[in-house]
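Chemist: sequence and predicted structure are below.
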Amino acid sequence: MALHVRSMAHDDLKWALGLNQANLPALGDETEASFAHLLDVSAFALVATVDGVRAGFSISMTTGADYASVNYRWFCDRHAEFIYLDRVAVDAGMRTVGVGRALYAETDRLGSAATAPGLPFCLEVNLEPRNDESLAFHDRMGFVEVGQQRTPSGKLVSMMERPLVSSPR
Ligand SMILES: CC(C)(COP(=O)(O)OP(=O)(O)OC[C@H]1O[C@@H](n2cnc3c(N)ncnc32)[C@H](O)[C@@H]1OP(=O)(O)O)[C@@H](O)C(=O)NCCC(=O)NCCS
């Protein structure tokens with residue numbers, strides 16, 4: 001199995017939005033326009049491929065992004081500098097073979113270079129409605145809960161962090 005991670009390209013957008021929408025309510029509901037804005041304000045938008053086929057994507061921000069998300073803002077209120085992973089999704093047929101881990105390793109590498117190793121790598125996972133798959137994944141990835149909040153859409157989310165790791169490629 002050849003697993004690669006690269007930057008998201010313009011011709012990935014339709015596929016990525018489709019995968020996003022196939023994973024509601026785990027991920028935020030987006031339109032073409034709101035998804036394009038998300039990419040505009042992101043620092044790292046990544047696509048993982050398995051044997052040349054798109055398998056998953058992630059989108060992350062650094063500090064100072066023009067992003068109104070209450071979850072991103074929650075971390076802005078707590079840290080001067082951090083990496084925020086806004087979303088990750090892996091195609092249902094390609095899960096538990098290391099695609100998510102590969103996307104996080106590249107986010108760690110890029111995030112450490114953009115900020116510094118050891119700074120917070122932040123994200124949230126839904127508790128209501130509960131996303132057990134993602135909670136198990138993030139536990140394996142070393143994330144710990146640092147708070148909870150209720151979002152305007154009514155979700156209860158677990159705010160999670162771990163330090164950025166500077167891992168070799
Ligand atoms: C969460 C998600 C991104 C995980 O991606 P993935 O590619 O399947 O994860 P990986 O294969 O890289 O797994 C990494 C580790 O997490 C573990 N893991 C992943 N999914 C798991 C699950 N459902 N239950 C238990 N452990 C799990 C793996 O066993 C692996 O552990 P190991 O390396 O020690 O063997 C994927 O399930 C997904 O896209 N879910 C739908 C969208 C979503 O919920 N996104 C997250 C929103 S917060």
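Modeler: Everything's here; your move. Numbering: from 1, shown residues only.

Chemist: the biggest helix by length in the chain near the ligand anywhere?
Modeler: In the chain, ranked by residue count with DSSP state H as the criterion, the top helix is helix 99-114. Yes - for helix 99-114 and the ligand, the contact criterion (Cβ under 6 Å from any ligand atom) is met by Val99, Gly100, Arg101. Yep, even glycine has a C-beta here, placed from its N, CA and C like the rest.

Chemist: does the ligand have contacts with the next helix or strand after that helix?
Modeler: Downstream of helix 99-114, the first helix or strand assigned by DSSP states H and E is strand 120-128. Yes - judged by Cβ under 6 Å from any ligand atom, strand 120-128 comes into contact with the ligand at Val125.

Chemist: strand 120-128 packs against which elements?
Modeler: Where contact means 3 or more Cβ pairs under 8 Å, 6 or more residues apart in numbering; DSSP states H and E, strand 120-128 is packed against helix 70-76, strand 83-90, helix 99-114, helix 132-140, strand 156-163.

Chemist: any idea how far Ile83 lies from Pro163?
Modeler: Per Cβ to Cβ, to the nearest Å, Ile83 is found 10 Å from Pro163.

Chemist: meant to ask about Glu133, not that
Modeler: From Glu133 to Pro163 the distance is 24 Å (Cβ to Cβ).

Chemist: that older thread, go through the longest helix of the chain and flag the buried ones.
Modeler: Neighbour counts using 16 or more other Cβ atoms under 10 Å place 99-100, 102-112, 114 of helix 99-114 among the buried residues.

Chemist: of those residues, which is the nearest to the ligand?
Modeler: The shortest approach to the ligand among the buried residues of helix 99-114 belongs to Gly100, at 2.7 Å (Cβ to the nearest ligand atom).

Chemist: mind checking pLDDT for that closest one?
Modeler: Looking at Gly100, its pLDDT is 98.

Chemist: swap in Pro168?
Modeler: pLDDT, Pro168: 57.

Chemist: next: Ala116.
Modeler: At Ala116, pLDDT is 87.

Chemist: that one: neighbouring residues, count only.
Modeler: As a burial measure, Ala116 scores 12 neighbours (other Cβ atoms under 10 Å).

Chemist: contacts only, for it.
Modeler: Residues near Ala116 by Cβ atoms under 8 Å, 6 or more residues apart in numbering: Glu81, Leu164.

Chemist: so which residues on this protein come close to the ligand?
Modeler: Residues of the chain lying near the ligand (Cβ under 6 Å from any ligand atom): 23, 26-27, 88-90, 95-101, 125, 131, 133-134, 136-137, 140.
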